[in-house]
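Q: Sequence and predicted structure, then a few things I'm wondering about:
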Amino acid sequence: MTYSNKNFDVIIIGSGIAGVSIGSELSNNLKICILEKENYLSYHSTGRSFAFYLESYGNKIIRQLTSASKDFFVNNSNNENPILKKRGVLHIGSKDQVSSIDALYSDLIQINDNFKLLDRNETIKLLPCLNSESIHNSIYDENASDIDVNNLYNVFLNECKKNNSVIEKNVLIQNCLKKGNHWILNTNKGEYNCNIIVNAAGAWAGEFGIKTGSQNINLIPKKRTIFGFKPLNVELNKNWPLAVDVEENFYFKIENDIVLASPADENPCKPHDAQPDEYDIAVGAERIKKSTLFQFNSIKNKWAGLRSFVKDKNPVIGFDNQIENFFWFAGQGGYGIQISPTLAKIANNIILKKDNNFYENKLGMNFKSFDVKRFIDE
């Protein structure tokens with residue numbers, strides 16, 4: 001423990017990508033402590049992510065946050081160890097999904113000129129494992145990229161450490177007491193004190209918020225399943241693009257000579273150590289077999305993680321409406337990794353009372369769409 005009296009400007013709850021990203025920003029100006037209840041950092045959602053940089057993913061504000069984060073990924077990479085590794089993505093659709101393809105394409109071309117509308121033959125040329133009878137057309141983004149999550153996470157973590165932030169594992173918070181503008185956190189490792197609490201607890205953020213007496217934002221954790229298989233009949237190419245059903249019924253990519261896939265499930269649940277369900281794997285396998293040429297009989301590996309959403313699927317940022325000095329940094333859903341640099345900078349500016357004119361005015365972001373104050377009337 002760097003600060004022997006355990007007094008900090010800010011204590012951040014959770015060591016996932018949310019916690020370390022905002023910690024890396026705040027640590028440049030403030031004494032920071034990150035508290036993690038598990039024995040390992042980034043144990044839950046971040047450590048289990050099927051991470052991709054997709055400017056075509058999510059609603060308008062998510063796409064804006066994603067695009068604004070690209071410079072960070074590029075500037076913190078080197079030729080030997082890039083954060084982004086270009087792969088490309090195909091949003092694929094059947095004859096019954098033509099309207100979905102058209103609607104998505106109309107939205108995407110307003111972001112940038114990365115996106116191309118491809119017919120069946122062009123689509124299968126890029127991804128020959130697709131079943132031509134199930135594919136009508138697609139939208140291609142050649143700039144979509146894999147995100148090296150470990151690399152990115154360590155960029156944030158190293159910045160925290162460089163600035164002498166304290167990171168504690170195996171900390172169980174028993175209660176949080178508010179005394180004036182000061183917080184006292186009683187834990188199994190003793191008492192921690194701070195001026196501001198940042199709630200970056202991921203799937204547990206809603207529960208932790210209620211424990212402190214802050215507002216209920218109705219955060220819902222949802223389980224996402226990933227499974228891997230090796231086809232019996234198709235030679236895989238590691239350079240094939242990611243394939244995403246245009247209505248998000250499934251997605252898959254090639255990694256380490258196997259197919260990693262998901263049924264894109266979003267099953268509401270309580271926060272817990274998520275495990276894959278055989279039914280969800282079976283659903284995903286059936287959908288992928290229908291849309292591809294893949295034949296496979298066994299699953300090589302499988303896991304699950306939690307993605308947490310509020311009703312509008314936008315992040316939740318800002319000081320609580322009921323309790324002073326309690327800052328929400330939650331609800332990033334399945335977008336948390338690809339939007340982490342920009343979201344952390346915005347939150348840092350709010351906490352330090354700096355302006356966010358670049359994001360609001362130059363990039364045209366609607367801050368009300370992710371401000372916690374939008375829940376006042378709910």
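A: That came in fine, so what should we check first?
Q: so what are the domain limits for this structure?
A: According to the domain assignment given by automatic domain parsing, the chain is divided into the following structural domains: 7-47+149-217+312-375, 89-142+220-309.
Q: Can I get the ones you listed in JSON lines including mean neighbour count?
A: Quick note: C-beta positions are derived from backbone N, CA and C, even for glycine. JSON lines is the format used below for the domains of the chain (neighbours: other C-beta atoms under 10 Å):
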{"stretch": "domain 7-47+149-217+312-375", "mean neighbour count": "20"}
{"stretch": "domain 89-142+220-309", "mean neighbour count": "18"}
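Q: Ok, which of those domains comes nearest N75?
A: Evaluated over the domains of the chain, closeness to N75 peaks at domain 7-47+149-217+312-375, with 9.5 Å, by C-beta to C-beta.
Q: tell me the mean pLDDT for the closest one?
A: When the per-residue pLDDT values of domain 7-47+149-217+312-375 are averaged, the result is 95.
Q: mind listing what F72 touches?
A: With contact taken as C-beta atoms under 8 Å, 6 or more residues apart in numbering, F72 is in contact with 341-342.
Q: name the element it belongs to?
A: Applying DSSP states H and E as the criterion places F72 in helix 60-75.
Q: Using CSV, list the CA coordinates for that helix.
A: C-alpha atoms of helix 60-75 as CSV (Å, rounded to 0.1, in the frame of the first residue of the first chain):
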residue,chain,number,x,y,z
LYS,A,60,-25.3,6.5,-32.8
ILE,A,61,-23.5,7.5,-29.6
ILE,A,62,-21.7,4.2,-29.3
ARG,A,63,-20.4,4.6,-32.9
GLN,A,64,-19.3,8.1,-32.2
LEU,A,65,-17.4,7.0,-29.0
THR,A,66,-15.9,4.1,-31.0
SER,A,67,-14.6,6.3,-33.9
ALA,A,68,-13.3,8.9,-31.4
SER,A,69,-11.2,6.1,-29.7
LYS,A,70,-9.3,5.0,-32.8
ASP,A,71,-6.5,7.5,-32.4
PHE,A,72,-5.8,6.3,-28.9
PHE,A,73,-5.4,2.7,-30.1
VAL,A,74,-3.1,3.7,-33.0
ASN,A,75,-1.0,6.1,-30.9
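Q: and stretch 144-156, how far from the chain's centre?
A: Between the centre of stretch 144-156 and the centre of its chain there are 12 Å (C-alpha atoms, centre = their mean, to the nearest Å).
Q: typed the wrong thing, it's stretch 241-254
A: Remark: stretch 241-254 is offset 17 Å from the chain centroid, using C-alpha atoms, centre = their mean.
Q: try stretch 336-347
A: Taking C-alpha atoms, centre = their mean, one finds the center of stretch 336-347 at 9 Å from the center of the full chain.
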